[in-house]
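1. generate a structure from the sequence data that follows.
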Amino acid sequence: MGADCKSVGVSLRRFESFTRHGVCSGDDSPGQKPLNPSLRFSGLLFVGVGRATELGRTKFPPDPETVDYAERMATTAQLAPPATPERTLTWWRRIGRQLAEAWSHRPVKLGLAGTVAIEIGSFTPAYLPQSSPLWEPLRNLHLDGPAVKIIGTILVMAGIWLLVNGWFQLRHHSDRPAQPWAILTIWSLPLLFGPPIFSHDAYSYAAQGWLIHNHLNPYDVGPGAMPGSFADQVATVWRDTPAPYGPLSLQMSHALVDLSGFYATVSAELQRLPAVLGVALIVVFLPRLAQRVGADQSTVIWFACLNPLLVIDYVGGAHNDAAMMGLVVLALWVSACPRTRLASLSLNGYWLLGAMLIGVAAAIKQPAFLAALALPLLAGPLPQWRRWRSAVTAIVKMLLSLLVSVAVFIVISQACGLGYGWINAIDVPGSVTTASPTSLIGEMVQWCVDQTSAHAGIVGDRTYITWVQFIGTTLGFALIAVFAVWIGRRQPLKALSWSWLAIAFLGPALHSWYVLWGGLLVPLSPSGRSMPRIAVGVTVVLLSFSAINLAWRNDLWAIGAAAAALLVWLAVLHELGRHRASTPETPVDAVASPE
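-> This is a model prediction of the structure:
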């Protein structure tokens, strides 16, 4: 070895370098000389022993038979240090620093003040179901009167305004926190420990899980079939209706009921766990999906990951739509993975794995099936339909993706053992009047018909409502076909987003958590300057409707209308501020993040 290198006392790091590359080049050497293979082999063994000794290894590895094995052992010893408590502590410190960095921003504090106000209001008579155990202490403290209900309603309205104001200010903020999960965690934290807000669906989930525990099928009977605390906390209109949800959602509710120790209130609050996991998937993978498809990550994070509807409906309301969309976003991200040799084995992409994830998501809520058709086009867009071979291949892939997701759905359904009774309950959400345009138009048509002499004395007829809802649903599916043909071949995410929005607005029932299906994907696709403005406007309108609906249920519709007016005023000020910031006279430092 001394013949190849003049300096005998070289360090282990330099020795490892020249033995691994088979050359010797020191500062004093006139050139590079090939290292003798036998000497290189001995050197690599020496490096392996040295690295093992540095890491505290006392046992020499098995006798190597090749040079590659010795090199691999040396590399492994160098690159894989054992986990230590110090590393774990460093990880927690990094999380703490990111949370502290997010907390230092005023808009984040505004949003937290909003969710705290909403949470306090949810513990008042303005929110609680009549079977809640909190009523007794409220009565004992004389906090069950109409004055407390008014205060609770005002607190919720003020909380919505503060949350939306913080959200708007984050869009303008030039020094926005880098970690969206930290902002969402701060905003969501108060909502994790209270009753479901703006909806009582979580109480229905718990009651359906209680039915399964008592060997009753939620597809056959409603929560009212088992009278008691679980059924009492369900809204009256849903007590005798079967479940329209997927079998996996029902079995998750069953497991959470068992986990709660069969306490009705606790089990309803535990229904938030799948929703929080779904939100985590959205926050983690949606920005990464935006990066892969070339969308603006800043806009995606602000509009989708930090949207007040996401905080209020998915975290606060504990809707199972959150778990469905979390798996859908994960499937889209997987399908958009760059092609590799492994991906080529699955028809030029990972979309078959994505289709399996869509099958799991559909087992929670069935609208996820629509995403299966977009996965192959996301992996490889279709240039044009006129190339019939490419078109046939794309159609085959889309049908195969849908078939795989259906197969996974069937396997899960068989494992859950509940059957397919959700098919008969698919019209349950449309059995009550919501803000859906088709429901409202149907109600007006039905009212006009009921005024005629031919319908005199007939009560409860919904024939014309059903017909208008059917027409709207048919039109929605027609729009889906148009989006798939004209948009989907090159922009599958845009087609998927618009398709879900068509279902939400033209279906028999409209809720804000339905709009989030397509709304989360809106900023992932290129659009005109008016689209972000429309999306923000729709968000404000849906929040205003939620405020008015809550106030109306408490016979305080005037407070709800005032809150809605303030939200609209806030949105107008926000847009005016963005318009002023985008003028040429405005300094560059004041310009908000780009669309």
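
2. so who does Val541 touch?
-> Listed by Cβ atoms under 8 Å, 6 or more residues apart in numbering, Val541 has no contact partners. The C-beta positions use only the backbone N, C-alpha and C, and glycine is treated the same way.

3. likewise for Leu501?
-> So Leu501 contacts Val515, Trp517, Gly518, Gly519 (Cβ under 8 Å, 6+ apart).

4. reformat these as JSON lines; add neighbour count.
-> Formatted as JSON lines, these follow (neighbours: other Cβ atoms under 10 Å):
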{"residue": "Val515", "neighbour count": "21"}
{"residue": "Trp517", "neighbour count": "24"}
{"residue": "Gly518", "neighbour count": "21"}
{"residue": "Gly519", "neighbour count": "25"}
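
5. how many residues are close by Leu400?
-> Neighbours of Leu400 under the rule other Cβ atoms under 10 Å: 17.

6. ok, Pro129 - how many residues close by?
-> Using other Cβ under 10 Å, the number of residues around Pro129 comes to 18.

7. tell me the pLDDT of it.
-> Looking at Pro129, its pLDDT stands at 79.

8. what are the phi and psi angles of it?
-> Main-chain dihedrals, Pro129, degrees, to the nearest 10: phi -70, psi 160.

9. so it makes contact with His200?
-> Yes - assessed by Cβ atoms under 8 Å, Pro129 is found in contact with His200 at 6.4 Å.

10. what is in contact with the two at once?
-> Gln233, Ala235.

11. which residues does Tyr514 contact?
-> Asp321, Ile503, Ala504, Gly507.

12. buried subset of those?
-> Taking 16 or more other Cβ atoms under 10 Å as the criterion, what is buried in those is Asp321, Ile503, Ala504, Gly507.

13. burial check on the closest residue to the first one other than its chain neighbours, number of neighbours?
-> The reference is to Asp321. Sequence neighbours aside, Trp513 is the residue nearest to Asp321 in space, at 4.9 Å (criterion: Cβ to Cβ, 6 or more residues apart in numbering). If you count neighbours by other Cβ under 10 Å, Trp513 ends up with 24.

14. measure the closest residue to Leu270 other than its chain neighbours to Trp210 for me?
-> Excluding its sequence neighbours, the residue lying closest to Leu270 (Cβ to Cβ, 6+ apart) is Leu256, at 4.4 Å. Leu256 is 10 Å from Trp210, where distance means Cβ to Cβ, to the nearest Å.

15. need the overlap of contacts for those two.
-> Joint contacts of Leu256 and Trp210 (Cβ under 8 Å, 6+ apart) are Ser267.

16. pick out whichever of those two has more residues nearby.
-> Each of Leu256 and Trp210 has its neighbours counted (other Cβ under 10 Å); Trp210 has more, 25 against 22.

17. how about the helix or strand containing the more buried one as PDB, C-alpha atoms only?
-> Element membership of Trp210, judged by DSSP states H and E, is helix 201-213. Extracted in PDB, the C-alpha atoms of helix 201-213 (Å, rounded to 0.1, in the frame of the first residue of the first chain):
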ATOM      1  CA  ASP A 201     -74.400  13.700  10.600                       C
ATOM      2  CA  ALA A 202     -71.800  12.400  13.000                       C
ATOM      3  CA  TYR A 203     -74.600  11.500  15.400                       C
ATOM      4  CA  SER A 204     -76.100   9.400  12.600                       C
ATOM      5  CA  TYR A 205     -72.800   7.700  12.000                       C
ATOM      6  CA  ALA A 206     -72.600   6.700  15.600                       C
ATOM      7  CA  ALA A 207     -76.200   5.500  15.700                       C
ATOM      8  CA  GLN A 208     -75.500   3.400  12.500                       C
ATOM      9  CA  GLY A 209     -72.500   1.900  14.200                       C
ATOM     10  CA  TRP A 210     -74.600   1.100  17.200                       C
ATOM     11  CA  LEU A 211     -77.100  -0.700  15.000                       C
ATOM     12  CA  ILE A 212     -74.300  -3.000  13.600                       C
ATOM     13  CA  HIS A 213     -73.200  -3.700  17.200                       C
END
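
18. contacts for that helix?
-> Outside helix 201-213, the residues that touch it by Cβ under 8 Å, 6+ apart are 129, 196, 217-218, 221, 223, 225-226, 230-231, 233-235, 238, 243, 245, 249-258, 260, 262, 264, 267-272, 317-320, 418.

19. so for that helix, what gets flagged as buried?
-> By neighbour count with 16+ other Cβ under 10 Å, helix 201-213 contains the buried residues 201-213.

20. now do stretch 442-450
-> Buried residues in stretch 442-450 (16+ other Cβ under 10 Å): Gly442, Glu443, Gln446.

21. any chance of these in JSON lines, plus secondary structure, pLDDT and distance to Leu99?
-> Shown next, in JSON lines, are the buried residues of stretch 442-450 (DSSP: H, G, I helix; E, B strand; the rest coil; pLDDT from 0 to 100; distance: Cβ to Cβ, whole Å):
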{"residue": "Gly442", "secondary structure": "helix", "pLDDT": "89", "distance to Leu99": "48"}
{"residue": "Glu443", "secondary structure": "helix", "pLDDT": "88", "distance to Leu99": "47"}
{"residue": "Gln446", "secondary structure": "helix", "pLDDT": "85", "distance to Leu99": "53"}
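
22. strands along the chain, start to end?
-> Using DSSP state E, the strands of the chain run over residues 23-24, 33-34.

23. for the first one, what does the pLDDT average out to?
-> Okay, so that is strand 23-24. On average, strand 23-24 scores 44.

24. just stretch 165-182 next, same as before
-> Confidence for stretch 165-182, expressed as mean pLDDT, is 78.

25. for it, measure first residue to last.
-> Using Cα to Cα, to the nearest Å, the end-to-end distance of stretch 165-182 comes to 18 Å.

26. state the number of residues packed around the nearest residue to Ala547 once chain neighbours are set aside.
-> Take Ala547 and drop its neighbours on the chain: the residue closest to it by Cβ to Cβ, 6+ apart is Ala563, 4.4 Å away. Using other Cβ under 10 Å, Ala563 has 25 neighbouring residues.

27. hmm, Ala182 and Arg305 touching each other?
-> You called it Arg, but residue 305 is Cys. No - here Cys305 does not reach Ala182: they are 11.2 Å apart, not a contact under Cβ under 8 Å.

28. before we move on, back to that, tell me the least confident of the buried ones among the contacts of Tyr514?
-> Minimum pLDDT across the buried ones among the contacts of Tyr514 is recorded for Gly507, with 90.

29. what is the neighbour count of the residue nearest to that one when sequence neighbours are not counted?
-> Among residues not flanking Gly507 along the chain, Thr473 sits closest, at 5.8 Å (Cβ to Cβ, 6+ apart). Thr473: 18 surrounding residues under other Cβ under 10 Å.

30. distance between the ends of stretch 227-235?
-> Using Cα to Cα, the end-to-end distance of stretch 227-235 comes out at 13 Å.
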